[in-house]
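K.L.:
Sequence first, then the predicted structure, then my questions.
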Amino acid sequence: MDRIRVAIVGVGNCASSLLQGIEYYRTKNQEKAIGLMHWDIGGYAPGDIDVVAAFDIDKRKVGQDINQAVFAKPNSTTVFCPSLPRSGVTVEMGAVLDGFSPHMGDYQEDESFVLSNAPQPDQKSVVEILKTSRTEILLNYLPVGSEQATRFYAQCAIDAGVGFVNNIPVFIASDPYWAKKFQEHNLPLVGDDIKAQLGATITHRTLTDLFKKRGVKLERTYQLNTGGNTDFLNMLNRDRLKSKKESKTEAVQAVTQQRLSERDIHVGPSDYVPWQKDQKICFIRMEGKLFGDIPMNLELRLSVEDSPNSAGVAIDAIRCCKLALNARRGGVLNAPSSYFCKHPPCQCNDEEAHRKVEEFIKEYSIKPSVHNNKSLSGKELLNCTLVKPNLS
């Protein structure tokens with residue numbers, strides 16, 4: 001099999017966990033691999049991913065080898081694979097735009113970004129780096145609220161002719177304008193806002209779906225989250241949270257038996273607790289009524305290391321995107337987006353999304369030579385159907 005060549009925008013905690021994971025599983029065999037949803041996707045194992053380009057704006061990362069930069073401050077995630085060999089890939093200065101919130105400068109350097117004074121690239125320069133490095137897939141790990149910066153890099157992906165995996169809650173895959181652009185250029189797109197492997201949203205969704213299946217009327221619920229990484233520090237600026245709150249709330253609303261009023265559902269980040277570092281603590285409360293209108297409530301506390309939880313899903317999203325590239329399938333990949341992301345264009349329950357992504361992997365694992373060059377039509381995109389390749 002060929003390798004999967006990816007570029008990363010934002011060398012933060014999530015990127016650190018992803019790169020550590022690629023190296024960690026490269027030294028394992030399938031029998032000893034723990035913590036993966038899939039060992040093999042279309043012939044690609046986790047260790048078949050190569051990071052060939054990276055962009056960041058922190059002076060402690062720009063100019064460094066990517067495998068050193070992932071351990072630089074303010075990254076605080078658990079180091080589970082400390083011996084990353086030098087990659088030969090230098091972190092390039094990225095475009096700042098709205099990727100840096102002014103309030104971040106009010107905190108200690110170890111907790112926050114330290115903006116590099118290196119010249120910022122224009123779109124043409126980023127595209128040239130992607131082409132020169134022979135990038136196939138661009139991963140977006142920008143901070144929450146980076147609306148302009150995300151669109152900047154999405155356009156760079158299109159201009160460079162690469163796939164795009166949007167891990168953050170800025171709407172690209174779920175925005176018809178951008179979905180159409182990727183479709184027209186026959187480039188695969190996965191998004192938006194990656195789910196954790198077993199995190200707050202997937203747990204909240206599963207419990208909500210359980211209420212529905214067991215005939216329990218859900219009347220009100222909240223999900224509160226605290227953490228101490230730069231993601232939570234960034235989100236102290238509530239102006240940057242509109243899309244994040246919408247993404248997380250809609251992920252839960254999509255599986256309720258009957259949509260809750262805005263007053264009866266609260267899902268979103270709560271506060272920044274520095275000493276938690278990359279540990280995320282989630283509190284969920286659900287109130288409802290059982291048989292005979294008898295009230296009940298459920299309370300849950302979940303504690304996870306935030307960034308490895310994300311990397312466990314990203315590593316599958318990358319490989320599904322690669323299958324689409326091999327098959328010359330462009331546009332939004334609805335099945336992977338629905339299973340891997342909180343705010344896909346087409347919401348469905350996780351059982352259905354899992355079934356669809358397994359079908360996607362099975363169909364697109366066929367050798368590329370038997371696929372026709374076919375992308376989603378406008379009608380198919382609106383209907384959120386999983387389009388299987390035409391077989392010759």
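P.N.:
Arrived safely.

K.L.:
Which stretches in this protein count as helices?
P.N.:
With DSSP state H, the ranges of helices along the chain come out as 13-26, 66-69, 123-132, 147-160, 176-184, 200-213, 230-234, 242-253, 306-326, 334-340, 350-364, 378-383.

K.L.:
Which one of those helices has the poorest average confidence?
P.N.:
Set side by side, those show their lowest mean pLDDT on helix 378-383, which sits at a mean of 39.

K.L.:
surely Tyr44 meets Cys321?
P.N.:
No - counting by CB atoms under 8 Å, Tyr44 stays clear of Cys321, with 10.6 Å between them. The C-beta positions use only the backbone N, C-alpha and C, and glycine is treated the same way.

K.L.:
Can you pick out the residue with more neighbours from these two?
P.N.:
Cys321 (27 against 24; other CB atoms under 10 Å).

K.L.:
The residue lying closest to that one once chain neighbours are set aside: neighbour count?
P.N.:
Spatial nearest neighbour of Cys321, chain neighbours left out: Gly163 (4.6 Å); criterion: CB to CB, 6 or more residues apart in numbering. Burial measure for Gly163: 25 neighbouring residues, criterion other CB under 10 Å.

K.L.:
cool, Tyr25 as well?
P.N.:
Tyr25: 23 surrounding residues under other CB under 10 Å.

K.L.:
With Gln258 instead?
P.N.:
For Gln258, using other CB under 10 Å, the count is 9.

K.L.:
before we move on, what about Arg26?
P.N.:
13.

K.L.:
Would you confirm that it contacts Gly47?
P.N.:
Yes - if you go by CB under 8 Å, Arg26 and Gly47 touch, sitting 3.1 Å apart.

K.L.:
For the helices of the chain, give me a markdown table that also has distance to Ala95.
P.N.:
Listed next are the helices of the chain as a markdown table, based on distance: least, CB to CB, whole Å:
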| stretch | distance to Ala95 |
| --- | --- |
| helix 13-26 | 17 |
| helix 66-69 | 17 |
| helix 123-132 | 7 |
| helix 147-160 | 5 |
| helix 176-184 | 18 |
| helix 200-213 | 29 |
| helix 230-234 | 17 |
| helix 242-253 | 19 |
| helix 306-326 | 22 |
| helix 334-340 | 25 |
| helix 350-364 | 32 |
| helix 378-383 | 29 |
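
K.L.:
Could you single out the most deeply buried of those helices?
P.N.:
Of all the helices of the chain, helix 334-340 has the most neighbours on average by mean count of other CB atoms under 10 Å, namely a mean of 28.

K.L.:
any idea how far that helix is from the chain center?
P.N.:
Mean-position distance between helix 334-340 and its chain equals 11 Å (CA atoms, centre = their mean, to the nearest Å).

K.L.:
In terms of secondary structure, what does it contact?
P.N.:
strand 188-190, helix 306-326, helix 350-364 (3 or more CB pairs under 8 Å, 6 or more residues apart in numbering; DSSP states H and E).

K.L.:
So which elements touch the last one?
P.N.:
What it means is helix 350-364. For helix 350-364, the packing partners by 3+ CB pairs under 8 Å, 6+ apart come out as helix 200-213, helix 306-326, helix 334-340.

K.L.:
Swap in 6 Å and give it another go.
P.N.:
If contacts are counted by 3 or more CB pairs under 6 Å, 6 or more residues apart in numbering; DSSP states H and E, helix 350-364 sits against helix 334-340.

K.L.:
List the contacts of the helix it packs on.
P.N.:
For helix 334-340, contacts defined as CB atoms under 6 Å, 6 or more residues apart in numbering pick out 173, 190, 313, 317, 320, 344, 346, 348, 353-354, 356-357, 360, 384, 386.

K.L.:
and with 7 Å instead?
P.N.:
The contact list for helix 334-340 (CB atoms under 7 Å, 6 or more residues apart in numbering) reads 173, 190-191, 194-195, 313, 316-317, 320, 344-348, 353-354, 356-357, 359-360, 384, 386.

K.L.:
Stretch 305-320 too?
P.N.:
By CB under 7 Å, 6+ apart, the surrounding residues in contact with stretch 305-320 are 4, 6, 13-14, 16-18, 21, 35-38, 41-42, 44, 46, 49, 77-78, 137, 139, 165, 167, 190, 194-199, 227, 229, 278-280, 333, 336, 340, 360-361.

K.L.:
swap in stretch 89-108?
P.N.:
With CB under 7 Å, 6+ apart as the criterion, stretch 89-108 contacts 9, 11, 51-57, 61-66, 69, 112-113, 115-116, 118-121, 129, 142-143, 145-149, 152, 233-234, 236-237, 240.

K.L.:
for stretch 129-144, same thing?
P.N.:
With CB under 7 Å, 6+ apart as the test, stretch 129-144 has contacts from 4-10, 12, 14-15, 52-53, 92, 99, 149-150, 153, 156-157, 160, 162-169, 231, 234-235, 240-241, 244, 314, 318, 321-322, 325.

K.L.:
Which parts of it count as buried, going by neighbours?
P.N.:
Residues 129-130, 133, 135-144 are the ones in stretch 129-144 that count as buried (16 or more other CB atoms under 10 Å).

K.L.:
wait, which of these is closest to Gln223?
P.N.:
Closest approach between the buried residues of stretch 129-144 and Gln223, by CB to CB: Val144, at 15.9 Å.

K.L.:
Distance of Ala118 relative to Val79?
P.N.:
To Val79, Ala118 is 27 Å away according to CB to CB, to the nearest Å.

K.L.:
again with Val11
P.N.:
Val11 sits 15 Å away from Val79, going by CB to CB.

K.L.:
Check Glu351 too.
P.N.:
35 Å.

K.L.:
go on, Val273?
P.N.:
Distance from Val273 to Val79, by CB to CB: 21 Å.
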